[in-house]
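1. take a look and give me a structure for this.
(chains A and B)
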Amino acid sequence: MKVLAAMSGGVDSAVAAARAAEAGHEVVGVHMALSKNRDQTRTGSRGCCTVEDASDARRAADRIGIPYYVWDLSDDFHDLVVEDFLSEYAAGRTPNPCVRCNERIKFASLLERATALGFDAVCTGHYASLRHDGPDGAASLHRSRNMAKDQSYVLAVMGPEAVGRSLFPLGEFETKDAVRAEARARGLGVSTKPDSYDICFVADGDTRGFLERNLGEAPGEILEADGTVLGTHRGTHGFTIGQRKGLGIERPAADGAPRYVVDIDPASRQVVVGAAELLSTSELVAGELISFEPLSPGRTVSAQIRAHGEAVPARILEVPEGAAGSLRVRLETPMRGVAPGQTLVLYDGDRVLAAATLERRA
Amino acid sequence: MVSAGPGGPPQHRAYLDHAATTELRPGAREAFLEASEVRGNPSSVHSSGRRARAVLDEALAEIGALLRVPRSWLIMTSGGTEADNLALRTVPLGAHAADPARTAVAVAATDHPAVVATAQSLGPAIATRLLPVDARGVLRPEAVERELADGAVSVLSAALVNNETGAMQDLAALAAAARPHGTLVHTDAVQGVGHVPLPSAEDVDLISLSGHKIGAPVGVGVLVAAPEVPFAATSTGGGQQRGVRSGTLDAAQAAAFAAALRETLDEREEQARRTRALAARLREGLLAIDPSARLTLPVDSPQSGHIVHVVFPGADSDALLFLLDERGVDCSAGSACSAGVTQASPVLAAMGVSDERSRGALRLSLGWTSSAQDVEMLLAALPESLARARAVGSLRS
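-> Numbering: from 1, shown residues only, chains lettered A, B, ... in the order given. Okay, here's the model as predicted:
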């Protein structure tokens, strides 16, 4: 196959590209330039699009012996990821920009471009397993063997069609150390590079400051569920459901128990706080369903709402018919900190069944 | 150009990017290796030093003779960019110190960033006047003279041949416009040397040249500067090269530069004839493959024969470069590059070409090793590459 390997400059994508080349594919390495203002040097473990990362990726490609290019996808990244991140927060939801980036950049813009250029598949350093075990060899997406690194959650939004045109060579690695060891053995200089965390376009790690700079101040009230006003805030985008710290409320609760953000209403600019019990949800409602196989009410599944969260046993209550309607899921154990905008992924064991976006609770 | 393909026998690659860098001339390599074996610092007075000085003097004498200037006019630099920096920074600062009324420089809007960005870094004491070009990328001497009329401009700079489009300026006419106003004339001749005649040293006061564009190694260049040119004392050290550029002189690079320049100028006319014929075949082939392709310069406008700049409407330049590379053709989109990310071209913008209309640009540039085989390889690879690059171009929402 003719394979395009997305190379961030990190150790995972370098080993993935090397494995794809070794498997006999005709591999071309591509580094996606996502930021318009490219820092010349990397600071700590942050970011994935500095000039230094581009140069690490180029050296890895040289070492593997594959051609290498930089593609400028910064316009798409800004329009489809950064703008989306801001507008989701402005609407009181809690988006995951890495999920959006996978969905819209890595497996939409990149895959589209790759297909137009004559590639058969895109290879990345994500931790997930693919099996071509469906009807007519259709692909299914599974958790990686290394559960701690598993990224099937953030890949689920790609949908079955894009998954079928992907390669995830790292899915079978047991540990990150094994990936680093293989990088070392292959002479890839990135073997000791730290993992990247945080949101790459928030360079200083201060997400609240970033939101405030870009969305401006929109003051409103902080109140209890019964309507008692406890204080004011500078904008609903500074809060996420389940947040406990930094609420800026001086008066303790009557019962002395900690208070959490339990609801955000950007229209009235109200942030509602309350006791932990109010955070618990035992029913999830989600739209924008992307399913890997037909679902039906009554089916037992497990549900996950965070990239590094746990999946809990659940039962499907309702499946949308056509584009309208919502997916409803009953949780066996209630979950806390469920926020609209988060991605819900349903699993059958290790196999991904569907992804959907959580809606505002009724 | 022959290179090893992955796991296969060496394959011919069509190298059509001589404007980026040309191939090292064997004569230059030999001159470099020979001179590099000479021990000694050219500024030392002992026998070893004198031997090194002799190699350097020999090289400078040859460069001077080839350029028809005394060798004392030559300032060796690390390349074209440094030569431009001296001409557009050190000279305007020196002129301003000598005459505080010289508060501006004037540069062609299409000049290389080494010229434009240097001029623009001088402010606020020294302002930059960007000189507009016409649709063919050419400066109009009468319009230039109006910009110089107030006597404030210390240096007028215009590249002999533009690095993206190949558009050529009439330095004699620009010099005639500058002379009455006491303005010094600089030309960045990095892209012109070897392809078009160099302007006379009687017309221009400053000429920048680069080694690797004529077949010398990367890392050497020359600024030709008439003795009356004022330089500010910005480079301090041992005071070598008129105190303009201190630092130990590199005899081996000077020898390589001299050898490359000799071969380049000896072959210039024959080379220009060959290049023009190859460029004509390129244009004819491009337009036959894609009748909607737009040549950036009309065939009858003043230009160097070694660059063919063309825009394929609707095509994605990056994709086109990728697809041609895959098919063994090296060329460029003809625009500035930072970490491989292509930016919109200020050169085309200055010529009145909109961002939208400059998408799908390709710069094909020929040099001393170019052959008909290179041109035919490009033309063979183009139809399919272009179709796919257009498919990518249409993804842009």
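
2. centre-most residue in chain A?
-> When chain A is reduced to its mean C-alpha position, the closest residue under CA atoms, centre = their mean turns out to be residue A:99, at 2.8 Å.

3. now do the SS call for it.
-> At residue A:99, secondary structure determined by DSSP: H, G, I helix; E, B strand; the rest coil is helix.

4. where does it land on pLDDT?
-> On the pLDDT scale, residue A:99 is placed at 82.

5. can you give me the distance of it to residue B:124?
-> Separation of residue A:99 from residue B:124 (CB to CB, to the nearest Å): 48 Å. Quick note: C-beta positions are derived from backbone N, CA and C, even for glycine.

6. before we move on, what about residue A:258?
-> Noted for residue A:258: a distance of 58 Å to residue B:124, by CB to CB.

7. please apply the same query to residue A:294.
-> If you go by CB to CB, the gap between residue A:294 and residue B:124 works out to 70 Å.

8. so between these two, which is more surrounded?
-> When residue A:294 and residue B:124 are compared on other CB atoms under 10 Å in any protein chain shown, the one with more neighbours turns out to be residue A:294, at 9 against 6.

9. surely that one forms part of a helix?
-> No: the assignment for residue A:294 is coil, going by three-state DSSP, so no helix is present there.

10. how about the residues of chain A by chain B?
-> A:28, A:31, A:33, A:38, A:51, A:54-55, A:65-67, A:69-72, A:74, A:109, A:112-113, A:116-118 (CB under 8 Å from any CB of the partner chain).

11. which strand or helix spans the nearest residue to residue A:275 once chain neighbours are set aside?
-> Distance criterion CB to CB, 6 or more residues apart in numbering or on different chains; nearest residue to residue A:275, sequence neighbours excluded, is residue A:257 at 5.4 Å. Element membership for residue A:257, per DSSP states H and E: none, as it lies in no helix or strand.

12. and residue A:257, how many neighbours?
-> Applying the criterion other CB under 10 Å, we find 12 residues in the vicinity of residue A:257.

13. same question for residue B:41.
-> One way to gauge burial is a neighbour count; for residue B:41, by other CB under 10 Å, it gives 14.

14. now the phi/psi pair for residue B:259, please.
-> phi -60, psi -40 (degrees, to the nearest 10).

15. neighbours around residue B:163, how many?
-> The number of residues packed around residue B:163, counting by other CB under 10 Å, is 25.

16. cool, and residue B:292?
-> By the criterion of other CB under 10 Å, residue B:292 has 10 neighbours.

17. what sits against it?
-> Contacts for residue B:292 were tallied using CB atoms under 8 Å, 6 or more residues apart in numbering or on different chains; they are B:312, B:313.

18. give me phi/psi at it?
-> In this entry, residue B:292 is assigned phi and psi values of phi -90, psi 0 (degrees, to the nearest 10).

19. quick one: the helices in the chain?
-> Because you didn't say which chain, this covers chain A. Along chain A, the segments classed as helices by DSSP state H run A:11-22, A:51-64, A:74-77, A:83-90, A:97-100, A:110-116, A:152-155, A:159-163, A:176-185, A:207-215.

20. chain B was what I was after
-> Listed in chain order, the helices of chain B (DSSP H) span B:26-36, B:47-67, B:80-85, B:91-98, B:113-120, B:141-148, B:171-178, B:251-266, B:268-289, B:317-326, B:346-350, B:355-358, B:372-393.

21. so which of those is nearest residue A:133?
-> Relative to residue A:133, the nearest member of those by CB to CB is helix B:372-393, separated by 32.3 Å.

22. now that closest one: how far from the chain's centre is it?
-> Helix B:372-393 has its average C-alpha position 26 Å from the chain's average C-alpha position, going by CA atoms, centre = their mean, to the nearest Å.

23. list the contacts of that helix.
-> By CB under 8 Å, 6+ apart, the list of residues contacting helix B:372-393 reads A:113, A:116-118, B:12, B:14-16, B:278, B:281-282, B:285-286, B:289-290, B:312, B:314-317, B:319-320, B:323-324, B:327-329, B:331, B:359-360, B:364, B:366.

24. just list the residues touching residue A:248, thanks.
-> Shown here is residue A:248, whose contacts under the criterion CB under 8 Å, 6+ apart are A:222, A:231, A:233.

25. are any of the residues of chain A next to chain B buried, and which?
-> Taking 16 or more other CB atoms under 10 Å in any protein chain shown as the criterion, what is buried in the residues of chain A next to chain B is A:28, A:31, A:33, A:38, A:51, A:54, A:66, A:69-72, A:74, A:109, A:113, A:116-117.
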